[in-house]
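> predicted model follows, preceded by the sequence.
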Amino acid sequence: ALPFDLAGRRVVVSAGGTREPLDPVRYLGNRSSGRQGWAIALVAAARGADVTLVAANVDLVEPPGVRVRQVGTALELHEAMLETTVGADGGPVDAVVMTAAVADFRPMDPSAVKIKKAAGQGPPTIGLVENPDILAALSRPGPDRAAVVVGFAAETGDGTADPTTSVLDFGRDKLRRKGCDVLVVNRVDAGRAFGRPDNAAWLLAAAGATDDIELEASVPLGPKSVLAAAVVDALSRRLGGSGPT
Ligand code: C5P
């Protein structure tokens, strides 16, 4: 039987990938299917958590027993995360998992009408502006911060060193920069992770007050539900195993 270790805990999970409009028919997007976030929401709910799933452009059947909120762009995701991570009592929820792939930039000035290819004019120039870093915002210390904040990092090797070494180095650096408690790092080169049913990952964890980062778990290639269980285990350990009932 599944442990019922998240009973009464409130968890918010983001999933999918944002789309940033260029005009009414085109967008800048990414290859995230939403399957990994879906699996985390489902496992957390099955283990007793009250789960809100913030879904960016996901084409999957909604998981049972989970509240789903749909968003499209990074700005909409940002707003939805700020809203849903506040609990009914005004305090923060227990845990946030940022699985969604967020566009770092959006077109500065999306066109209200379809951009036309004009004869002799060549390609248009698209100006971009930076989107807010939602994970960094949710990780900032303060009264609104959830007890546990988990981020994801999809990395490729740097093309020179052994890919595993550089992927883990990028991961350590990212964990420090974002300020989250756990970073789930996966390799996305050579057709891994995105749009597939399986995934493999390392869970890096900030080691308390020190600047150290430890490798908390190494999850071999397998169904996304297995990685989801490892992520939920990481939440559960930090929330003290069994939540209030
Ligand atoms: O920096 P990078 O995009 O690789 O970081 C990935 C992590 O940060 C993911 O957890 C993603 O959900 C989150 N992120 C975010 N806001 C952004 C960019 C990434 O929350 N603008």
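Arrived safely, thanks for sending. Numbers count the residues shown, from 1 in each chain.
> skipping its backbone neighbours, what lies nearest the residue most central in space within the chain in space?
With distances taken as CA atoms, centre = their mean, Thr99 lies nearest the centre of the chain, 1.8 Å away. Nearest non-adjacent residue to Thr99, counting by CB to CB, 6 or more residues apart in numbering: Gly37, 3.5 Å away. All C-beta atoms are positioned from the backbone trio N, CA, C, and that covers glycine.
> do you know the pLDDT at that neighbour?
Predicted confidence (pLDDT) for Gly37: 97.
> what's the neighbour count on it?
Using other CB atoms under 10 Å, Gly37 has 30 neighbouring residues.
> one step back: pretty sure the residue nearest to the centre of the chain contacts Ala153?
No - checked against CB atoms under 8 Å, the pair Thr99 and Ala153 is beyond contact range at 11.0 Å.
> and the residue nearest to the centre of the chain, its phi and psi?
phi -90, psi -20 (degrees, to the nearest 10).
> likewise Ala228?
The phi/psi pair for Ala228 (degrees, to the nearest 10) is phi -60, psi -40.
> same check on Val97?
According to degrees, to the nearest 10, Val97 has phi -120, psi 110.
> show the pLDDT at Lys117.
Value listed for Lys117 in the pLDDT field: 88.
> so the residue nearest to Thr99 makes contact with Val13?
Yes - using CB under 8 Å, Gly37 is in contact with Val13, at 5.3 Å.
> what residues are shared contacts of the two?
Here Gly37 and Val13 have Leu53, Val97, Thr99 as joint contacts, going by CB atoms under 8 Å, 6 or more residues apart in numbering.
> got the contact list for Arg31?
Arg31 sits in contact with Gly17, Ala101, Phe194, Gly195, where contact means CB under 8 Å, 6+ apart.
> count of neighbours near the last one?
What it means is Gly195. Around Gly195 there are 10 residues (other CB under 10 Å).
> that one: what's it in contact with?
Counted by CB under 8 Å, 6+ apart, Gly195 has contacts Arg31, Ser32, Ser33.
> closest one of the shared contacts of Gly37 and Val13 to the ligand?
Nearest to the ligand among these is Thr99, at 6.5 Å by CB to the nearest ligand atom.
> need the pLDDT of the closest one.
Looking at Thr99, its pLDDT is 98.
> show me how to select, in ChimeraX, the buried members of the contacts of Arg31.
To isolate the buried members of these in ChimeraX, using 16 or more other CB atoms under 10 Å:
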select :17,101,194
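> now render the contacts of Arg31 as TSV, adding secondary structure and distance to the ligand.
Below are the contacts of Arg31 laid out as TSV (DSSP: H, G, I helix; E, B strand; the rest coil; distance: CB to the nearest ligand atom, whole Å):
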residue	secondary structure	distance to the ligand
Gly17	strand	10
Ala101	strand	7
Phe194	coil	13
Gly195	coil	17
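> export the contacts of Arg31 to CSV and tack on distance to Glu130?
Shown next, in CSV, are these (distance: CB to CB, whole Å):
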residue, distance to Glu130
Gly17, 17
Ala101, 16
Phe194, 23
Gly195, 26
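> shouldn't Asp158 be in contact with Leu168?
No - the criterion here is CB under 8 Å, and Asp158 misses it with Leu168 at 11.6 Å.
> looking at those two, which one has more neighbours?
For Asp158 versus Leu168, neighbours defined as other CB under 10 Å are more numerous around Leu168 (18 against 13).
> right, I'll leave it there.
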